[in-house]
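[1] Kindly return the folded structure for what I paste below:
(one chain, ligands or ions: 1)
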Amino acid sequence: MTSNADLAARSRAAIWHPCTQMARLDAVPPLPIVRGEGPWLIDAEGQRYFDATSSWWVNLFGHSDVGLQRAIAQQAATLPHVMLAGCTHPPAVELAEGLSALTGGHLGHAFFGSDGASATEIALKMSAHHWRNLGQPEKCEFIALRGGYHGETLGALSVTDVPVFRDAYAPLLRATHLAPALHEAGSIEAIEALLRTLGGRCAAVIVEPLIQGASGMRMHAPAQLSALRRLCTEYKAHLIADEIAVGCGRTGRFFAWEHVQPALPLTGPLWPDFILLSKGITGGTLPLSVVLTTNAVFKAFLSDEVARGFLHSHSYTGNPIACAAACEVLRRFRDTDLLQDLARQSTLLRAAFAPLADDPRVQALRQVGTVLAFDVPSGGERFSERFHLAARERQLLIRPIGTTVYLMPPYLIDEVTATWLAAAVRDTLTDTLRSSPDA
Ligand SMILES: *Cc1c(COP(=O)(O)O)cnc(C)c1O
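    The predicted model follows:
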């Protein structure tokens, strides 16, 4: 059995960790995790940590979920992979049909990618290429929102506005038009002014519905989305809904976009032109993303000319094992009362954390579905790192974004867990502020 210290040291020597200043690894050694069980991650010496952010927002039903294990094992034993050009296979067909059905057929065409950033790349290319095929090649500019996050490959980073990820690569990026985010005052008016100025050169507006995740869990009302839908229709720009983080039940409905109208189902004109899914789509087991789009977009690529088709590809497009895991995720939404249960879990979280609203250290306590966040303006130097380390001492794995503490737990919240989480977060906050170098 490997020890914690051994794994951490070898990791440090051989692995360049993501989103990590490697010079800080002495202060913040990686947790050596060897097993996952429900919401718990377990290290080499048996210590358990509650995965409060679902391992970067990907996990839905907990770790080592039996249904997902079975789906993956069966598919791995039957057909682990076949290319999706010139061939097709049951898991991809079933997944595409299932997702189409969830949009009432309005986004009935699924294109598969390998991760979230590649879904963004695909949607941007598809949008601009669609306009080019319609004889409008000048329609190739994009509007993105302040604080938006859509991934970190160069195209996706071009429409991302998080300085810490973007600034070093600014010279490599394509110019994008930035508008105020949907939680900021005057956002819709500013987007309209921009669309008017662009005079038909805007291919698409890209947005994170309901929650801007990576820039600090900034939330807006669903009415902003319907207003944006109307604008995009009026100015003939595509609307790309990046649901990579907020899709798959996170907000209480399968798609966050479904909140644009209280009563479902949504009619055609209310849907976005593209929906991007990744993260939760395989329940936190395998990398996969899906770009869903309309028949109107799809049709613009049909031609006798090969080059008018959408030729984008990657080697593992529509990998059968990943698709089988995603089919199991869809089955859970279809065949169980998961959505009702999510409403209950969201209420339990709300009730358990409600006392924090009166805590003078806490600002802007907010929640959508099973995403809960608050700000700690007095956090001080290296708040995120100090909070993360203090949380480890309380069996909690959590990484604040700057001075924003947030939870996005697996869909396994019961009353005992919610109460325990709220106490652990409150006590961690106390420990963190006590250790503040400038307190
Ligand atoms: C995580 C995320 C992405 C990028 O997904 P990756 O799989 O990390 O490339 C894009 N958009 C949003 C909203 C995300 O949260």
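
[2] those strands in the stretch 101-250 of the chain, which residues are they?
    Listed in chain order, the strands of the stretch 101-250 of the chain (DSSP state E, counting those that start in this stretch) span 109-113, 141-145, 177-179, 202-207, 211-212, 218-219, 238-242.

[3] Indicate whether the first one makes contact with the ligand.
    I take that to be strand 109-113. No. Strand 109-113 stays out of contact with the ligand when judged by Cβ under 6 Å from any ligand atom, the minimum separation being 9.1 Å. No exception for glycine: its C-beta is placed from N, CA and C like everyone else's.

[4] Around the closest residue to the ligand within the chain, count how many other residues there are.
    For the chain, the nearest residue to the ligand under the criterion Cβ to the nearest ligand atom is Gly116, separated by 1.8 Å. Using other Cβ atoms under 10 Å, Gly116 has 27 neighbouring residues.

[5] before we move on, what about Gly402?
    For Gly402, the count of nearby residues is 13 (other Cβ under 10 Å).

[6] I figured it hits Ser384, correct?
    Yes. The pair formed by Gly402 and Ser384 meets the contact definition of Cβ atoms under 8 Å, at 6.2 Å.

[7] got the residues of the stretch 151-300 of the chain near the ligand?
    With Cβ under 6 Å from any ligand atom as the criterion, the stretch 151-300 of the chain comes near the ligand at residues Gly151, Glu208, Gly213, Ala214, Asp242, Ile244, Ala245, Ser278, Lys279.

[8] The third one and Val207: what is the separation?
    By that I understand Gly213. Here the distance between Gly213 and Val207 works out to 12 Å (Cβ to Cβ, to the nearest Å).

[9] Neighbour count: the two, which is higher?
    Between Gly213 and Val207, counted using other Cβ under 10 Å, the more crowded position is Val207 (29 against 24).

[10] check contacts around the more buried one.
    Applying Cβ atoms under 8 Å, 6 or more residues apart in numbering to Val207 gives the contacts Leu145, Gly148, Leu182, Leu225, Leu228, Leu239, Ile240, Ala241, Asp242.

[11] Distance check, the first one against Ala322.
    Between Leu145 and Ala322 the distance is 29 Å, computed by Cβ to Cβ.

[12] Neighbour count for those two, which is higher?
    When Leu145 and Ala322 are compared on other Cβ under 10 Å, the one with more neighbours turns out to be Leu145, at 28 against 25.

[13] list the contacts for the residue nearest to Ile33 when sequence neighbours are not counted?
    Leaving out its chain neighbours, the residue that sits closest to Ile33 by Cβ to Cβ, 6 or more residues apart in numbering is Leu41, at 4.7 Å. The contact partners of Leu41, taken as Cβ under 8 Å, 6+ apart, are Leu31, Ile33, Arg35, Arg48, Tyr49, Asp51, Ser55, His63, Leu397.

[14] Check Ala343 too.
    For Ala343, the contact set (Cβ under 8 Å, 6+ apart) comprises Gly252.

[15] was I right about Pro400 contacting Tyr406?
    Yes. Because the distance of 7.1 Å satisfies Cβ under 8 Å, Pro400 is recorded as touching Tyr406.

[16] so what sits against both of these two?
    Taking Cβ under 8 Å, 6+ apart as the contact rule, Pro400 and Tyr406 have no neighbour in common.

[17] got the contact list for the residue lying closest to Ser3 once chain neighbours are set aside?
    Distances taken as Cβ to Cβ, 6+ apart put Ala44 closest to Ser3, at 5.7 Å, once the chain neighbours are dropped. Contact criterion Cβ under 8 Å, 6+ apart gives Met1, Thr2, Ser3, Asn4, Asp6, Leu7, Pro32, Val34 as the residues in contact with Ala44.

[18] Alright, calling it a day.
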